[in-house]
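A.B. asks: sequence and predicted structure below; questions after.
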Amino acid sequence: MTGGMQRSLDVLRRLLSHRGALISVIYLAVVVFVATFARWIIPYDPVVQDLTSTLEAPSAKHWFGTDELGRDLMARAVYGARTSLITAAGAVVIAGVVGIPIGLVAGFFGGWRDAILMRIVDVLLSLPGILFAMALIAVLGRSQLAALVAVGITGIPSFARITRAQVLSLRKRDFVMAVEALGGSSTYNMFRTVLPNSWSPLLVQVVILSSVAILLEAALAFLGVGIPPPTPSWGEMLRTGKSFLYEAPYYAVLPGIVLTLTILSLDTLGRTLAWVLEDRHELGEEAEAEAEKARP
Amino acid sequence: MKFGSLRPLGFLRALLLAGAALSTAAVGASAQDLKGGRLRVAILADIHNFDPMQFSGVNFPLIKNLYDSLIEYTPEGQPIPNLASEWKIAPDSKSVAITLRSGVNFHSGNPVNAEAVAATLKKAADPQKGKNVYPTMSIVQDWTVNGPLGITINFKNPVPVGQITDLLQFLSVIEPSGIDTVETKHAGSGPFILGERVLGQRVTMTANAKYWQKPPIVSEIVLTVFSDNDAASAAIESGAVDIIYGGNARSAVRLRNAGYQLIQGPGPLVQVFRINATRGPFKNDKFRQAFNYLMDREAILRVGYAGVGEVTALPWAPASPATDKSYNTRYAFSLEKAQALLKESGLSAAELSNWKLTANGGDQDGMAISQIVQSTVAKVGMNIQLDVKQGAELTDAMLTGKFDAIFGGIGNIQKFPTRVGTNSIYRTTNNPILGNPHPFPAYVAAMQRVDTTLGTGEPVKQAYDNLNKVLVETAFGIPTNTFDIGLIVAAKNVGGITREIDNMLVGRTIGFR
């Protein structure tokens, strides 16, 4: 087993030793599993209407009832998880692919590059995420891709700033200077030396942004600018369910619960992961200091 | 002024109706049993302005309370006198002589006279100021004042009786000195006087004690703006309001089931699947005609409007003289018939799906019925996307034809049939969706035939039948159901609610039991 793998397993072990994180991981694993294999798990198609069974209360046939078009609410909530997870994954990829290089270049080179890139990031950061996403969707039109891109762009600043901060703390470290002294190019140094040592906060950021992305996608759908029907989405279900609070109070219950638990799980996981990684980092530094002292 | 002799029938009718006016004061009410007080009405949107020519639904709670029109209609569509005590149509149907009621004053104290009617007509004939009345004025050549209480309106061509009475019913008389400022300051003679308006919150109207008819039963009407149906429902259930005006059908049905009164007026809108026949597969006649059978009208009415309304394959309200319910059976939902027409169209599978259904993202019911159609057309091989739009973008798309197909309500369908032409998709000239020249000359000719067929006999019926036949053949608009604008839900102790022909709120006859 390599040292890297050993360290990863160590982090995982310590992460799962926290009860909250363990429950979160189990819950998220269930959500991912059910969303992935929904076709074989749920007996109903989430978009097929049954106009003779509209707004039916929960029953043995429809555990969470049916919506105004006779669609099974459980099926829609399960398939809605796909929408949320795909949006979250896509948004994180976009934010990371764009934000991390920005932060790397800004932090590594400093000077005018840093000033220009960070001002651009500041501009992005100054725009309220949801308003920016709505404006972008107004231009791109309502689709899953548009929602994903919009949410992803709003996540770029956080990745850029965290990466830059990490790079600034590492830039003058011995191992980076050594690579430079040995003739390593800036690109090599950035991507092969600095970046691998910056993963801890970025990993935490991935989890946090996933949570933000799911919430933002749901908010966009709730405001009526999310993914167009009949594609199921938790936010859209909440939005529609709001109109049936009197007739079908159960309508919004399931999407509300799964959305809340998903956000709660991701946040718990992110917080615990940050704590574990920080702890590991500190332990690593302590060990390094001990080794330094012991060095003849 | 050229003024022919009166037709005996028309004169007799006018006299009978003048007599009937005596009994109109308490339309739909047993007024003597009702008590006064403050009437608290929940409305779902703030009013736009005080102009009675702006027939925007949000102004409906005001118009019949602050203003009087020349004539009124009964819920069955029969004209009855109002400010005009009588009206006489010339035998050549090219003019109508109006006699105004004497002793009627505006809220300012100035008399309602022929000069005021002339000033109102001038505003109505102005393309900028005429608002929703302007299109109806297209039949008017000019007008002549005959003394303080007489005015004659001359028409460009002979005009059917229904068009003339529609015009008179449409004209709410405005005080001449207030015409230029009527959007911000009311200038009417109606049963109520504006008290205060708090923008976005409420409008208060107080009873006009000097009203020319029996004064209102209630002393005050308070219109309170609610942000949504649920809030308004909670308000009536908690006793905070006495009436909800203009709420949605679903909430209304729930409240009806809880014991509240649900009053539907005679002037509903008709939901129409509007087709832009200039785009994509919709250029194909057979393809469009298939949609006559692709509308699951029963489901649309049930899901979208909680069953409040009627299915209809023609763009008429039940009170319209052109209504023909046999079309509902003839063009009932049938996938087989639709498939046969799609086959006849000769379009490929890719062409059949080459269109989008624009849907109003801000309208939950509209989204639901659009999804029903999306699901239905999928059963005959059309896999289409919803193009969800909202606000100004949606309005622009609707009024400029930037859509393939879209649902939209149409109004003025309870009166003279060619009034349907005031709705954008049904315009015969300058049609903003279908363009110029109109791509369906048969439709234009059918509308003209209705407009020029005078009298009340078989020729008129044939003209209506012809129009109905052309409407389903051209199939650029596929009606699905009527639905109520101005739906009223009232507490049990409220009585005397008038079923106004345009579903406007008439506060004068309302009181408390």
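C.D. replies: The structure has been received and is ready for your questions. Quantities reported herein were computed from a predicted structural model and do not represent experimental measurements. Numbering: from 1, shown residues only, chains lettered A, B, ... in the order given.
A.B. asks: which sections of the chain are below the confidence cut-off?
C.D. replies: With no chain named, the answer covers chain A. Scanning chain A for pLDDT under 70 picks out A:1-4, A:279-296.
A.B. asks: should've been chain B
C.D. replies: For chain B, the stretches with pLDDT under 70 are B:1-32.
A.B. asks: quick check: residues of it near chain A?
C.D. replies: When proximity is defined as Cβ under 8 Å from any Cβ of the partner chain, chain B approaches chain A at B:229-230, B:233, B:250-251, B:254, B:296, B:299, B:302-303, B:359, B:361-362, B:364, B:367-368, B:371-372, B:374-375, B:385-388, B:390, B:393. Where you see a C-beta, it was placed from the backbone N, CA and C, and this is true even at glycine.
A.B. asks: can you show me the helices along the stretch 151-296 of chain A?
C.D. replies: Taking DSSP state H, counting those that start in this stretch to define them, one finds helices in the stretch 151-296 of chain A at A:174-181, A:186-188, A:199-222, A:234-242, A:253-294.
A.B. asks: neighbours around the nearest residue to B:I410 once chain neighbours are set aside, how many?
C.D. replies: With Cβ to Cβ, 6 or more residues apart in numbering or on different chains as the criterion, B:I410 has its nearest non-adjacent residue at 4.1 Å, and that residue is B:N423. By other Cβ atoms under 10 Å in any protein chain shown, the residues close to B:N423 number 21.
A.B. asks: rewinding a little: quick one: closest of the helices of the stretch 151-296 of chain A to B:L167.
C.D. replies: helix A:234-242 (43.1 Å; Cβ to Cβ).
A.B. asks: from the chain's centroid, how far away is the closest one?
C.D. replies: Distance, stretch centre to chain centre, for helix A:234-242: 21 Å (Cα atoms, centre = their mean, to the nearest Å).
A.B. asks: only alpha carbons, please: show it as CSV.
C.D. replies: What follows is helix A:234-242, C-alpha atoms only, in CSV (Å, rounded to 0.1, in the frame of the first residue of the first chain):
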residue,chain,number,x,y,z
TRP,A,234,-36.9,18.7,-5.6
GLY,A,235,-37.2,22.5,-5.9
GLU,A,236,-39.9,22.2,-8.6
MET,A,237,-41.8,19.8,-6.4
LEU,A,238,-41.6,22.2,-3.4
ARG,A,239,-42.8,25.0,-5.7
THR,A,240,-45.8,23.1,-7.0
GLY,A,241,-46.5,21.5,-3.6
LYS,A,242,-46.8,25.0,-2.1
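A.B. asks: quick one: the helix or strand where A:F33 lies to helix A:199-222, angle?
C.D. replies: Here A:F33 sits within helix A:19-36, counting by DSSP states H and E. Between helix A:19-36 and helix A:199-222, the angle comes out at 50 degrees (axes from the mean of the first three to the mean of the last three Cα atoms, to 10 degrees).
A.B. asks: helix A:19-36: how far from the chain's middle?
C.D. replies: Distance of helix A:19-36 from its chain centroid, counting by Cα atoms, centre = their mean, is 14 Å.
A.B. asks: now the element after it, going C-ward?
C.D. replies: That would be, after helix A:19-36 and using DSSP H and E, helix A:38-41.
A.B. asks: residues making contact with that following helix?
C.D. replies: Residues outside helix A:38-41 that contact it (Cβ atoms under 8 Å, 6 or more residues apart in numbering or on different chains) are A:34, A:75, A:78-79, A:81-82.
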